[in-house]
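>>> Only the shape, not the letters, is given here:
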């Protein structure tokens with residue numbers, strides 16, 4: 001039976017009780033249509049040069065080819081001098097171009113249809129500054145309208161608040177995006193019938209634009225909470241626009257503390273100027289067009305702000321500042337949200353995972369563990385962790401790392417619980433684990449009322465157990481728990497039910513957007529007048545982007561849709577955003593015969609839950625079974641194959657274990673095999689079956705000089721055909737070590753030569769440790785002391801996992817990162833390796849494995 005046929009059968013045997021159908025209740029009477037407005041293409045056709053485009057679609061450029069070249073030059077990040085140098089090349093000068101210099105190119109781009117236009121105004125300050133201040137900004141109404149019309153957001157914007165329930169009994173709410181929270185429903189209640197509610201997202205934080213001179217920019221970004229969270233999470237969709245460049249003042253004042261108060265005061269003053277149109281829209285509403293051109297009566301509400309400064313102010317600055325300090329306030333008396341209808345800071349300033357979770361972990365949890373375990377021991381244990389492809393390794397530990405990023409903080413957090421488990425006081429471990437559970441649960445993209453109850457219980461468990469941290473001297477010389485980020489965690493559960501899933505408000509995307517809207521434009525200039533040059537650069541870039549989208553849409557309309565289904569034959573499927581290759585799609589294309597020259601059996605195939613990809617050329621193309629057993633050190637490899645061939649009976653799920661029946665010298669229907677030392681597997685998200693995850697590389701390499709014990713990764717495999725991953729967690733599954741990937745070679749028509757197999761060694765899932773919350777695994781051994789190994793079809797693998805050796809009170813000094821797993825017999829199943837694994841393993845913890 002061909003492997004692809006087996007994969008199809010696997011996908012038809014989805015198991016277990018039916019999944020409850022979600023019920024969605026939409027707000028009645030919201031977001032009515034009021035006639036015809038305008039669309040993205042209408043704005044393109046309203047351009048003063050639209051009549052010229054009827055004869056030449058790419059006007060003011062002479063042709064499509066010239067436009068593509070001009071667009072590439074404009075978006076290449078090259079300086080004006082570098083572009084002039086390219087245009088001066090003889091091969092370029094021989095082409096009939098409409099421009100010969102970078103300045104001429106810029107003049108042509110200025111003629112293209114524009115997005116929201118830039119403005120600027122001088123800013124008056126109450127105290128003198130080293131230089132005059134200006135604010136560059138755009139209309140705060142035009143920017144959201146631009147986002148609504150953007151083709152990148154087509155079909156990704158919703159306007160109606162809704163309540164999602166996990167089942168028809170409507171007992172459990174489901175919270176995902178902003179419109180599913182209680183706050184959107186309450187705001188819609190406050191608006192007239194038929195009004196469309198738009199949630200405005202503002203993000204502001206300073207960023208450095210030069211390595212020398214400490215020059216900073218203070219961008220204010222804007223987006224819409226109505227846009228899908230998946231689109232928001234992708235920087236390539238440009239769902240955040242630069243609304244304003246706020247001034248970065250340097251006040252001339254003898255009191256340095258007052259300079260900070262003045263800066264905060266100025267910040268709110270300038271933001272108030274920029275957002276004034278939004279305040280007016282909230283009061284009186286605005287007619288705006290949706291992506292389809294329907295006219296809607298819109299009211300905007302302030303949704304979120306991520307800011308470095310959130311402070312207060314008053315008139316007599318010096319005396320007022322002293323009074324505010326006694327109350328732990330900072331004195332901004334006229335915050336930007338003043339007189340903004342429906343704007344409530346306790347609601348719109350939402351918790352932010354990037355800084356509140358990862359930064360707190362690095363500043364506190366890490367140090368607590370270091371004090372209890374010892375910095376040298378903690379570093380040594382991190383250095384012992386087996387390297388995993390795509391994940392950070394810490395050969396020198398974590399305590400001496402410098403200039404760390406939030407990404408690195410998150411990487412360390414993956415391992416901290418397993419590294420210290422069994423070595424610090426149990427109650428202290430419970431506190432660390434409870435706080436980690438809280439963070440992981442809070443970052444889920446979809447939460448129910450039950451999930452909110454669980455994360456609330458996690459936070460309470462931490463506070464109940466934190467005394468043990470103090471007793472273990474984890475806090476050092478401090479004898480209190482006055483940690484602002486810890487206190488703010490009490491606001492997370494209410495925020496989720498009010499504003500939707502917390503992960504959608506992460507600053508990861510907005511901080512990455514600083515590269516596109518601040519750093520890259522600044523580097524393309526001449527290091528003078530940064531703000532003005534950034535605005536000009538972005539204006540030209542947006543014009544090119546809009547022109548590209550409009551001409552592409554119009555060109556497709558003029559040419560008509562192509563029915564040539566063979567145009568892409570032989571080409572690889574285009575990758576998803578951020579370079580994620582869809583191996584599920586590729587497997588379907590192979591089965592459909594779109595790649596007739598692909599080698600058989602296909603190297604890419606899929607089961608019901610997992611896609612597999614092997615390289616076209618095997619690592620070892622032809623080797624005898626006996627030689628393979630010797631190379632990998634697997635004395636029972638041949639008997640294991642014989643037992644599998646005797647017992648499999650074409651069953652899709654092969655059970656590992658049992659007494660070895662075949663003798664070492666048994667006969668097989670084949671004698672040679674192909675071997676792969678590496679493969680990739682891919683899954684869909686356990687939270688959302690439509691979200692494709694990046695593929696993960698898995699190793700099954702024999703002993704070498706670099707890896708004297710071999711390089712073997714661990715995976716979860718299915719052992720019960722009625723319980724599939726990830727719905728059932730570890731129920732009906734085993735954890736195994738992937739030791740060898742192979743395919744039989746046979747001259748005869750051996751049926752199983754079209755299937756890829758793996759030799760795996762099983763772990764016994766002993767129990768769940770109540771303090772670490774992780775499963776304890778032990779190597780399964782036969783009565784002879786040999787590891788329990790067996791053969792399985794490769795498609796029986798479900799997901800990659802990560803194991804951490806149980807180090808005990810002190811890690812073995814003879815271990816290293818390439819031997820620790822092979823020399824250990826007991827492990828922690830590290831559920832914190834990924835959020836997906838945490839979610840799936842939590843099912844197994846709540847419903848213990850029999």
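Cool, got the structure. These figures come from a predicted structure and were not determined experimentally.
>>> Phi first, then psi, for the residue nearest to residue 225 when sequence neighbours are not counted.
Spatial nearest neighbour of residue 225, excluding adjacent residues (C-beta to C-beta, 6 or more residues apart in numbering): residue 199 at 3.1 Å. C-beta: built from backbone N, CA, C; applies to glycine. The phi and psi values for residue 199, taken as degrees, to the nearest 10, are phi -100, psi 120.
>>> try residue 736
The phi/psi pair for residue 736 (degrees, to the nearest 10) reads phi -140, psi 160.
>>> My guess is it contacts residue 712. True?
No: between residue 736 and residue 712 there is no contact under C-beta atoms under 8 Å: 9.8 Å.
>>> The two: which has the busier surroundings?
residue 736 (27 against 23; other C-beta atoms under 10 Å).
>>> Can you pull out the low-pLDDT segments for this structure?
Residues of the chain meeting the criterion pLDDT under 70: 1-20, 211-213, 299-316, 557-579, 649-653, 748-750, 843-850.
>>> Helix, strand, or coil at the nearest residue to residue 618 once chain neighbours are set aside?
Distances taken as C-beta to C-beta, 6+ apart put residue 674 closest to residue 618, at 4.1 Å, once the chain neighbours are dropped. Here residue 674 is recorded as strand under DSSP: H, G, I helix; E, B strand; the rest coil.
>>> would you list every one of the helices in the stretch 251-400 of the chain?
256-274, 276-284, 317-326, 345-348, 353, 360, 366-373, 375-384 (DSSP state H, counting those that start in this stretch).
>>> list the helices and strands the last one packs on?
In this structure, helix 375-384 makes packing contacts with helix 366-373, helix 416-420, judged by 3 or more C-beta pairs under 8 Å, 6 or more residues apart in numbering; DSSP states H and E.
>>> Comparing those helices, which comes out most buried?
The highest mean neighbour count among the helices and strands packed on helix 375-384, using mean count of other C-beta atoms under 10 Å, belongs to helix 416-420: a mean of 25.
>>> so who does residue 207 touch?
Applying C-beta atoms under 8 Å, 6 or more residues apart in numbering to residue 207 gives the contacts 216-219, 511, 514, 518-519.
>>> who's in contact with residue 632?
When contacts are counted by C-beta under 8 Å, 6+ apart, residue 632 touches 702-703, 710, 739-740, 759.
>>> in the stretch 351-500 of the chain, which spans are strands?
447-448 (DSSP state E, counting those that start in this stretch).
>>> Sitting in strands, which of the contacts of residue 632 do you find?
739-740, 759 (DSSP state E).
>>> which of these lies closest to residue 799?
Nearest to residue 799 among the ones in strands among the contacts of residue 632 is residue 739, at 17.5 Å by C-beta to C-beta.
>>> Who is the residue nearest to that closest one when sequence neighbours are not counted paired with across the strands?
Ranked by C-beta to C-beta, 6+ apart and with sequence neighbours excluded, the top spatial neighbour of residue 739 is residue 759, at 4.9 Å. Beta-bridge partners recorded for residue 759 (DSSP bridges): residue 740, residue 791.
>>> Tell me which residues of stretch 608-622 come out buried.
Neighbour-count burial for stretch 608-622 flags 608-614, 618-619 (criterion: 16 or more other C-beta atoms under 10 Å).
>>> on that earlier part again, spit out the contact partners of the residue nearest to residue 739.
Listed by C-beta under 8 Å, 6+ apart, the contact set of residue 759 reads 632, 634, 637, 640, 739-740, 742, 789-791.
>>> Toward the C-terminus, what is the element adjacent to the helix or strand harbouring residue 24?
When elements are assigned from DSSP states H and E, residue 24 belongs to strand 23-26. Moving toward the C-terminus from strand 23-26, the next helix or strand (DSSP H and E) is helix 40-45.
>>> chain center to that following helix: distance?
How far helix 40-45 lies from its chain's middle: 34 Å, per C-alpha atoms, centre = their mean, to the nearest Å.
>>> same thing with stretch 404-420?
Centre-to-centre, stretch 404-420 and its host chain are 16 Å apart (C-alpha atoms, centre = their mean).
>>> contact partners of that stretch?
Outside stretch 404-420, the residues that touch it by C-beta under 8 Å, 6+ apart are 354-355, 358-359, 361-362, 365-366, 369, 372-373, 378, 381-382, 385, 391-392, 394, 398, 401, 429, 432-433, 436, 439, 508, 772-774, 802, 804, 807, 828, 830, 832-834.
>>> so what's the backbone phi/psi at the closest residue to residue 291 other than its chain neighbours?
Nearest residue to residue 291 in three dimensions, chain neighbours excluded: residue 154, at 5.7 Å (C-beta to C-beta, 6+ apart). Phi and psi for residue 154, reported as degrees, to the nearest 10, are phi -60, psi 120.
>>> Three-state assignment for residue 680, please.
Residue 680 is classified as strand under three-state DSSP.
>>> residues touching the residue positioned nearest the centre of the chain, list them.
Centrality entry for the chain: nearest residue to the mean C-alpha point is residue 233, 6.8 Å, by C-alpha atoms, centre = their mean. Residues near residue 233 by C-beta under 8 Å, 6+ apart: 504, 509.
>>> Quick check: it vs residue 239, distance?
According to C-beta to C-beta, to the nearest Å, residue 233 and residue 239 sit 9 Å apart.
>>> Could you do residue 713 as well?
Relative to residue 239, residue 713 is positioned 36 Å away (criterion: C-beta to C-beta).
>>> For stretch 720-739, list every residue counted as buried.
In terms of neighbour count (16+ other C-beta under 10 Å), stretch 720-739 has its buried residues at 723-739.
>>> same check, this time on stretch 322-331
324, 330-331.
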